[in-house]
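Student: I would like to see how this sequence folds:
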Amino acid sequence: MKRIRVLVVDDSAVVRSVFKQQLSQEGDIEVVGTAPDPYVARDQIVALKPEVITLDVEMPRMDGITFLRKLMKYYPLPVIIVSSLTKAGGDLAMEAMDIGAVDVVCKPGEAYSVGDMSVQLAEKIRAAARVDMDRLAQRASVGKIGPVKSHVRKLSLTKTTNKIIAIGASTGGTEAIKNVLVNFPPTIPGIVIVQHMPPNFTTSFAKRLDGLCEIRVKEAEDGDSITPGSALLAPGNYHMVMRRSGARYYVNIKSGPLVCHQRPAVDVLFNSVATFGGANAVGVILTGMGKDGAQGMAKMKEAGAKTIAQDEDTCVVFGMPKEAIALDVVDRVEPLHNISDTVMEML
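Tutor: Residues are numbered from 1 along each chain as shown. The predicted structure follows:
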């Protein structure tokens with residue numbers, strides 16, 4: 001079996017040791033080297049030719065963001081950002097995703113047990129190894145979206161009472177979700193979203209989306225109502241489920257075991273939307289590695305919901321949409337730039 005070659009770049013000897021020890025237990029992953037700073041990393045990249053890099057954003061001599069910019073320009077590789085759970089760490093992680101990083105993890109021990117962290121890190125590395133860097137660079141060059149609150153199309157929607165839009169994504173999902181939400185008018189029905197991401201990073205991601213979109217976007221809190229013109233993002237390390245009381249839709253935030261190696265999991269959200277939303281829902285599954293969301297989308301389809309999957313050409317990783325399509329539970333397969341309009345047509 002060919003193993004994925006990984007370089008760990010982090011100024012913390014503890015992090016380097018934990019990552020190397022945990023990843024060495026994965027039969028398909030090999031840590032070919034570790035580096036305490038970008039200068040050492042630069043030489044090791046040339047010598048060791050890693051396929052994936054984990055990169056700390058806060059390091060001496062050169063910070064991770066500066067190094068990432070140089071790397072994406074001269075020697076683009078799939079990079080997973082490793083950051084602290086501070087607000088600054090979350091903001092830096094979002095900046096790194098804009099530059100070209102494919103995913104983000106929190107430092108060991110800051111949110112998950114070492115066991116859970118290693119499982120999720122291994123999955124992120126497998127996803128990163130499948131990323132087409134040429135496609136990622138092309139999408140980044142044409143897909144940048146600035147502040148658009150006053151410029152979004154205001155489309156008239158009718159018969160949207162009690163409708164629900166449920167969206168799930170993983171690797172590459174931060175850009176994909178942004179590109180969907182910025183095209184929604186303020187009259188859009190309530191939206192619930194799961195993006196595989198650690199805690200606090202979801203806080204920064206929600207605030208970033210709120211500043212770009214015509215709709216309101218916030219990190220979900222337990223008991224939040226799902227209302228038109230707003231989107232609730234599942235907080236990192238917690239599952240989010242939808243509930244209904246009379247005409248009111250709301251969310252519960254809860255802990256629980258990993259589902260499809262994830263917490264939050266798309267399947268958990270989609271299953272609850274199938275139960276409480278039924279035919280009033282539209283489900284959207286976007287770019288990401290693995291199977292999370294496919295079974296939940298099947299439940300939604302069975303309950304009468306409309307379903308959409310992102311197409312292969314516009315996915316950073318065509319994993320989650322592919323699994324849902326394989327189950328024959330997707331009504332429409334669309335490129336990313338068509339998904340917003342398709343949702344509104346279905347409503």
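Student: rest of the way, CA atoms for contacts and neighbours
Tutor: OK.
Student: residues in contact with residue 243?
Tutor: 249, 250, 251, 252, 272, 273, 276 (Cα atoms under 8 Å, 6 or more residues apart in numbering).
Student: let me have these in CSV, adding neighbour count, distance to residue 73 and pLDDT as columns.
Tutor: Putting these into CSV (neighbours: other Cα atoms under 10 Å; distance: Cα to Cα, whole Å; pLDDT from 0 to 100) gives the following:
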residue, neighbour count, distance to residue 73, pLDDT
249, 21, 46, 96
250, 21, 44, 97
251, 22, 42, 98
252, 17, 43, 98
272, 20, 43, 98
273, 31, 42, 98
276, 20, 47, 96
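Student: tabulate those residues (TSV), appending secondary structure and distance to residue 325.
Tutor: TSV is the format used below for these (DSSP: H, G, I helix; E, B strand; the rest coil; distance: Cα to Cα, whole Å):
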residue	secondary structure	distance to residue 325
249	strand	28
250	strand	29
251	strand	27
252	strand	28
272	helix	20
273	helix	19
276	helix	23
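Student: for residue 263, state which of those is nearest.
Tutor: Using Cα to Cα, residue 252 comes nearest to residue 263 of the contacts of residue 243, at 14.0 Å.
Student: hang on, that closest one packs against residue 223?
Tutor: Yes: counting by Cα atoms under 8 Å, residue 252 does reach residue 223; the two are 5.6 Å apart.
Student: circling back: which one of the contacts of residue 243 is nearest residue 330?
Tutor: Distance to residue 330 across those (Cα to Cα) is lowest for residue 273, with 15.7 Å.
Student: got the buried residues for stretch 221-239?
Tutor: The neighbour-count check on stretch 221-239 (16 or more other Cα atoms under 10 Å) flags 221, 225-239 as buried.
Student: end to end on that stretch, go ahead and measure it.
Tutor: End-to-end span of stretch 221-239 (Cα to Cα, to the nearest Å): 11 Å.
Student: domain parsing of this structure, as residue ranges.
Tutor: Here the domain parsing of the chain from automatic domain parsing is 4-140, 164-346.
Student: those domains: lowest mean pLDDT?
Tutor: Ranked by mean pLDDT, the domains of the chain bottom out at domain 4-140, with a mean of 88.
Student: distance of residue 127 relative to residue 251?
Tutor: 29 Å.
Student: re the thing from before, can you redo the contacts of residue 243 as JSON lines with distance to residue 122?
Tutor: Shown next, in JSON lines, are the contacts of residue 243 (distance: Cα to Cα, whole Å):
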{"residue": "249", "distance to residue 122": "35"}
{"residue": "250", "distance to residue 122": "33"}
{"residue": "251", "distance to residue 122": "30"}
{"residue": "252", "distance to residue 122": "29"}
{"residue": "272", "distance to residue 122": "28"}
{"residue": "273", "distance to residue 122": "29"}
{"residue": "276", "distance to residue 122": "34"}
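Student: of the residues you listed, just say which sits nearest to residue 20.
Tutor: residue 252 (36.4 Å).
Student: grab the nearest non-local neighbour of the closest one.
Tutor: Nearest non-adjacent residue to residue 252, counting by Cα to Cα, 6 or more residues apart in numbering: residue 222, 4.8 Å away.
Student: ok, the one you found - contacts?
Tutor: Neighbour list for residue 222: 251, 252, 253, 254 [criterion: Cα under 8 Å, 6+ apart].
Student: repeat for residue 219
Tutor: Contacts of residue 219 (Cα under 8 Å, 6+ apart): 202, 203, 206, 207, 232, 233, 234, 235.
Student: 7 Å instead?
Tutor: Counting by Cα atoms under 7 Å, 6 or more residues apart in numbering, residue 219 touches 202, 203, 206, 232, 233, 234, 235.
Student: cool, and residue 165?
Tutor: Counting by Cα under 7 Å, 6+ apart, residue 165 has contacts 189, 190, 191, 192, 281, 282, 283.
Student: I'd like those laid out as a markdown table, including neighbour count, distance to residue 302 and secondary structure.
Tutor: Formatted as a markdown table, the contacts of residue 165 follow (neighbours: other Cα atoms under 10 Å; distance: Cα to Cα, whole Å; DSSP: H, G, I helix; E, B strand; the rest coil):
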| residue | neighbour count | distance to residue 302 | secondary structure |
| --- | --- | --- | --- |
| 189 | 24 | 21 | coil |
| 190 | 26 | 21 | strand |
| 191 | 25 | 20 | strand |
| 192 | 27 | 19 | strand |
| 281 | 28 | 12 | strand |
| 282 | 27 | 12 | strand |
| 283 | 28 | 12 | strand |
